[in-house]
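Undergrad: next input, structure requested:
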Amino acid sequence: MLRNLFILLGLALMPALAAAQAPRSVTIGRGDSIVVHVAPDGTLWAAAPTAAPPINGFEASALAQMQATPLADSQVQPAIPVQHGPDAPPIKAGQVRIILRTVAPSVDYPKGEMLLSLENGYDGALRYRAVLRSGDRSMPTDVCIVIPHRFGFEHWPFPFERIELSDLQVVPWHAGDSVSCE
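TA: Residues are numbered from 1 along each chain as shown. The predicted structure is shown next:
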């Protein structure tokens with residue numbers, strides 16, 4: 001009888017213990033793609049990373065728009081309005097797909113560039129924080145929220161090894177709201 005009571009108590013506590021151990025951040029290495037589910041309390045479930053698919057025409061167009069926007073070193077990258085026309089890949093509902101790509105070196109960026117793509121499959125906007133990491137060095141970076149059922153892109157004119165996304169939240173969004181970057 002007492003044994004059964006302990007088993008029932010253990011079963012009752014399992015969801016609380018699992019939530020206490022659920023991750024609140026996800027790290028993506030360059031060249032990786034990962035699918036993340038964001039719970040209302042900010043806990044995450046992330047699939048194992050896979051190799052990023054080749055860049056498609058939609059992403060290449062977004063990258064070109066960002067490359068054409070000159071910035072001062074300390075300036076926040078403004079939100080780039082990307083048209084979601086018929087060439088935009090479908091976005092799967094109820095998840096966020098994140099891809100970190102290395103962009104080949106060019107005349108303007110001889111060390112290479114990085115492109116972060118986020119596909120927001122939720123009904124609310126995706127808000128998050130990000131830290132760039134290379135070896136034992138880290139640097140927080142500015143990011144913009146991602147509109148519901150849309151793509152969001154971030155661009156850096158230098159290479160790094162991985163990015164850690166934290167404080168992922170799905171927040172209310174209404175037509176006409178502006179995209180905030182911080």
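
Undergrad: tell me where this protein is predicted with low confidence.
TA: Scanning the chain for pLDDT under 70 picks out 1-23, 71-86.

Undergrad: which residues in it form helices?
TA: 2-21, 57-67 (DSSP state H).

Undergrad: now the strands for this structure?
TA: 25-29, 32-38, 44-46, 50-51, 96-103, 113-120, 125-134, 137-141, 150-156, 162-171 (DSSP state E).

Undergrad: tell me which of those strands lies nearest to L63.
TA: Of all these, strand 113-120 sits nearest to L63, with 5.4 Å by C-beta to C-beta. (Each C-beta comes from the backbone N, C-alpha and C, glycine too.)

Undergrad: any chance of CSV for the strands of the chain, columns mean neighbour count?
TA: Conversion of the strands of the chain to CSV gives the following (neighbours: other C-beta atoms under 10 Å):
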stretch, mean neighbour count
strand 25-29, 18
strand 32-38, 19
strand 44-46, 16
strand 50-51, 10
strand 96-103, 21
strand 113-120, 22
strand 125-134, 19
strand 137-141, 12
strand 150-156, 20
strand 162-171, 18
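
Undergrad: can I get the ones you listed in JSON lines with distance to E182?
TA: Listed next are those as JSON lines, based on distance: least, C-beta to C-beta, whole Å:
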{"stretch": "strand 25-29", "distance to E182": "17"}
{"stretch": "strand 32-38", "distance to E182": "18"}
{"stretch": "strand 44-46", "distance to E182": "20"}
{"stretch": "strand 50-51", "distance to E182": "30"}
{"stretch": "strand 96-103", "distance to E182": "18"}
{"stretch": "strand 113-120", "distance to E182": "15"}
{"stretch": "strand 125-134", "distance to E182": "9"}
{"stretch": "strand 137-141", "distance to E182": "10"}
{"stretch": "strand 150-156", "distance to E182": "12"}
{"stretch": "strand 162-171", "distance to E182": "11"}
